[in-house]
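Participant: With the sequence up front, the predicted model follows.
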Amino acid sequence: MTKEYDLVVLGGGTGGYVAAIRASQLGLQVAIVEKGDLGGTCLHRGCIPSKALLRSAEVLKQTKEASQYGVDTKDTTLNFAKVQERKDSIVSTLHQGVQGLMKKGKIDVFEGFGRILGPSIFSPMPGTISIEYANGDENTMIVPKNVLIATGSKPKSLPGLEIDGTNVMTSDEALQMEELPKSIIIVGGGVIGIEWASMLADFGVEVTVVEYLDQILPTEDDAIAKEVEKLLKKKGITFVKGAKVLPETLSVENGVSIDAEIDGKNESFQADKMLVSVGREANTSNIGLENTDIIVEKGFIQTNEFFQTKETHIYAIGDVIGGMQLAHVASHEGIVAVEHMANQNPLPIEYENIPTCIYSNPEVASVGLTEKQAKEKGFDIKVGKFPFKAIGKALVHGESDGFVKIIADKKTDDLLGCHMIGPHVTDMISEAGLAKVLDATPWEVADSIHPHPTLAEVMGEAALAVDGKQIHG
């Protein structure tokens, strides 16, 4: 038996289910094929569970520091089982919400593994979806007019470095830990590695970050990366940079030990556990790409600006196409793809206008060009920088580390980039994102009166600082 749809979405993660909802709003008959749980990596193995753990770590840190606020606490202890229970409860609540959205949108959900077929008796074009079920039931065939590939990604490891899930973990396994280790080696100083380093240090774990490059967070502005490292060192985190991990030296007897080559010499590292955080790889295996003319380069599906593959009725979004690999990016890509297939004439995404966030403590957020990127693009720039220590609300909160840095074009005065480190900056970056979308100038940002006392005042001061007009610094 076959069913026909206007759109079949392969993958029910954030990008996939958002695209399905938008397609339903546009009157399309939609189905999602998902082998796991709706919500995908973001909801079950990424954004949400990790932020729940980070919040518990933050509360523990604040409780230990409560005496600074005149609140005396004694015998503060961490119940990690309850931390995990809270995380699971949040995930469950949101999962139920996504399921409800599918029912509201009359979106059919097939719980199985979808594979794209080539031309067949069902359709003269590639795109028929064969759904395989874990229980061995007979495959279901569904025939869509359009396909959206939103199969996401999975953590990758270094060649030869085996992930056993117990001693050597990725973030997937680390989220399921039943108890905290006393010490951990984190291989990789990118976004995920730094979030875990910050969290585990606040939980009281001895953390060593081993990074191949000479700088952690290589995609961030240099000033931000240096400030993150400085502040995380205050937590007791050890950073080892310019280190090439040697997988063949791995031992998991009595904990974990591994060597890294640093300046031509081998150095050994030991800990209870190891977390490997060296990026993610697209889920493209066995989904039937070989039955199509879809182009895959360096493991990622190639698309045009509207996310069409070489098979113009097959689209792809999210981590599977590479790029920024963020949930909010995948969601918007899904909306653009669906609106394009429905002839709504959407505008292409301007990726320089998309904010990125790091949920460490302190938080990091940015949008647009770094200072280095702006100079490489030939801009004559001017820079404004303002510290949180001069902001009253930051002192009230007891979190005055960090700053906001704004980069502007000296010729046009357009805002080119904004980079933040400090309290709640992931909640503040959208102001800079809106300014980027509107091609605002620092003067326009500053002329928007920021209420006092708020953390957001730092944005207005940094904008004034671009032209040396800051009031409180």
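Facilitator: Happy to help now that I have it. Numbers count the residues shown, from 1 in each chain.
Participant: only C-alpha atoms for contact and neighbour calcs from this point on.
Facilitator: Noted.
Participant: Quick check: which ranges of the stretch 101-250 of the chain have low pLDDT?
Facilitator: Across the stretch 101-250 of the chain, nothing is flagged by pLDDT under 70.
Participant: and if we set it to 80?
Facilitator: 121-122 (pLDDT under 80).
Participant: so how many other residues sit close to Lys61?
Facilitator: Lys61 has 17 neighbouring residues, counting by other Cα atoms under 10 Å.
Participant: swap that for Ile131, please
Facilitator: Neighbour number of Ile131 under other Cα under 10 Å is 22.
Participant: likewise the one 4 residues further on?
Facilitator: Asn135 is surrounded by 7 other residues when neighbours are defined as other Cα under 10 Å.
Participant: In a helix, it, correct?
Facilitator: No. Assignment of Asn135 by DSSP: H, G, I helix; E, B strand; the rest coil gives coil, placing it outside any helix.
Participant: Now do it against Gly36, distance only.
Facilitator: 13 Å (Cα to Cα, to the nearest Å).
Participant: before we move on, what about Lys375?
Facilitator: Here Lys375 is placed at a distance of 45 Å from Gly36 (Cα to Cα).
Participant: Give me the more crowded residue out of these two.
Facilitator: More crowded of Lys375 and Gly36, by other Cα under 10 Å: Gly36, with 15 against 12.
Participant: Could you list which residues are in contact with the more buried one?
Facilitator: Glu111, Gly112 (Cα atoms under 8 Å, 6 or more residues apart in numbering).
Participant: Ok, Ile391 next?
Facilitator: Counting by Cα under 8 Å, 6+ apart, Ile391 has contacts Ser400, Pro453, Thr454, Leu455, Glu457, Val458.
Participant: For Gln308, what are phi and psi?
Facilitator: The phi and psi values for Gln308, taken as degrees, to the nearest 10, are phi -80, psi 140.
Participant: Contacts only, for it.
Facilitator: Listed by Cα under 8 Å, 6+ apart, the contact set of Gln308 reads Ile314, Tyr315, Ala316, Ala337.
Participant: do the same with Lys64
Facilitator: Applying Cα under 8 Å, 6+ apart to Lys64 gives the contacts Thr73, Thr76.
Participant: Please report the distance of it from Gly16.
Facilitator: Lys64 is 41 Å from Gly16, where distance means Cα to Cα.
Participant: Just the buried ones from the contacts of Ile391, in ChimeraX syntax?
Facilitator: In ChimeraX, this line selects whichever of the contacts of Ile391 come out buried by 16 or more other Cα atoms under 10 Å:
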select :400,455,457,458
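Participant: Could you pick out which of the contacts of Ile391 are located in helices?
Facilitator: Among the contacts of Ile391, the ones falling in helices (DSSP state H) are Glu457, Val458.
Participant: Tell me the one of the contacts of Ile391 nearest Lys411?
Facilitator: Checking those against Lys411 with Cα to Cα, the nearest one is Val458 at 24.3 Å.
Participant: was I right about that closest one contacting Lys385?
Facilitator: No. The pair Val458 and Lys385 fails to qualify as a contact (Cα atoms under 8 Å) at a distance of 9.2 Å.
Participant: Now for those two: what residues contact both?
Facilitator: Common neighbours of Val458 and Lys385 (Cα under 8 Å, 6+ apart) are Phe403, Val404.
Participant: tell me the pLDDT at Leu326?
Facilitator: Leu326 is assigned a predicted lDDT (pLDDT) of 96.
Participant: Next: Met1.
Facilitator: Looking at Met1, its pLDDT is 62.
Participant: The one 3 residues further on too?
Facilitator: Model confidence at Glu4, given as pLDDT, is 94.
Participant: ok, which stretches of the stretch 251-400 of the chain are strands?
Facilitator: In the stretch 251-400 of the chain, the strands defined using DSSP state E, counting those that start in this stretch lie at 256-262, 265-271, 273-276, 280-282, 296-297, 300-301, 314-316, 356-358, 363-368, 381-387.
Participant: most neighbours per residue, which of those?
Facilitator: Among the strands of the stretch 251-400 of the chain, ranked by average contacts under mean count of other Cα atoms under 10 Å, first place goes to strand 314-316 (a mean of 28).
Participant: now that one, how far from the chain's geometric center?
Facilitator: Its chain's C-alpha centre and that of strand 314-316 lie 22 Å apart, by Cα atoms, centre = their mean, to the nearest Å.
Participant: How about stretch 397-410?
Facilitator: That offset, for stretch 397-410, works out to 22 Å (Cα atoms, centre = their mean).
Participant: follow-up on the earlier one: just give me the closest of the contacts of Gln308 to Glu211.
Facilitator: Nearest to Glu211 out of the contacts of Gln308 is Ala316 (Cα to Cα; 31.8 Å).
Participant: Setting aside sequence neighbours, what's the nearest residue to that closest one?
Facilitator: The shortest distance from Ala316 to any residue other than its chain neighbours is 4.4 Å, reached at Ile149 (Cα to Cα, 6 or more residues apart in numbering).
Participant: so what's that neighbour up against?
Facilitator: Neighbouring residues of Ile149 by Cα under 8 Å, 6+ apart: Val9, Leu10, Gly11, Gly16, Ile314, Tyr315, Ala316, Ile317, Val320.
Participant: Quick check: the fifth one touching Met125?
Facilitator: So that's Ile314. No. Using Cα under 8 Å, Ile314 is not in contact with Met125; the gap is 10.4 Å.
Participant: How about Pro49, nearest residue that isn't a chain neighbour?
Facilitator: Excluding the flanking residues, the one nearest Pro49 by Cα to Cα, 6+ apart is Lys87, at 5.6 Å.
Participant: How about Leu28?
Facilitator: Nearest in space to Leu28, with sequence neighbours left out and distances taken as Cα to Cα, 6+ apart, is Asp6 at 5.7 Å.
Participant: and what of Thr41?
Facilitator: Nearest residue to Thr41, sequence neighbours excluded (Cα to Cα, 6+ apart): Gly13, at 6.5 Å.
Participant: so what's the one you found bridging to?
Facilitator: Here Gly13 sits in beta bridges with Gly39, going by DSSP bridges.
Participant: Looking at the chain, name the residue that lies furthest from the middle.
Facilitator: Ile121 (41.0 Å; Cα atoms, centre = their mean).
Participant: Name the helix or strand for it, please.
Facilitator: Here Ile121, judged by DSSP states H and E, is contained in no helix and no strand.
Participant: show me the contacts for the residue nearest the centre of the chain.
Facilitator: Nearest to the mean C-alpha position of the chain, by Cα atoms, centre = their mean, lies Leu326 at 4.3 Å. Contacts for Leu326 (Cα under 8 Å, 6+ apart) come out as Gly318, Asp319.
Participant: chain center to the lengthiest helix in the chain: distance?
Facilitator: In the chain, taking DSSP H as the definition, the longest helix is helix 80-104. In terms of Cα atoms, centre = their mean, the centre of helix 80-104 is found 19 Å from the chain centre.
Participant: Could you do stretch 380-397 as well?
Facilitator: Stretch 380-397 has its average C-alpha position 25 Å from the chain's average C-alpha position, going by Cα atoms, centre = their mean.
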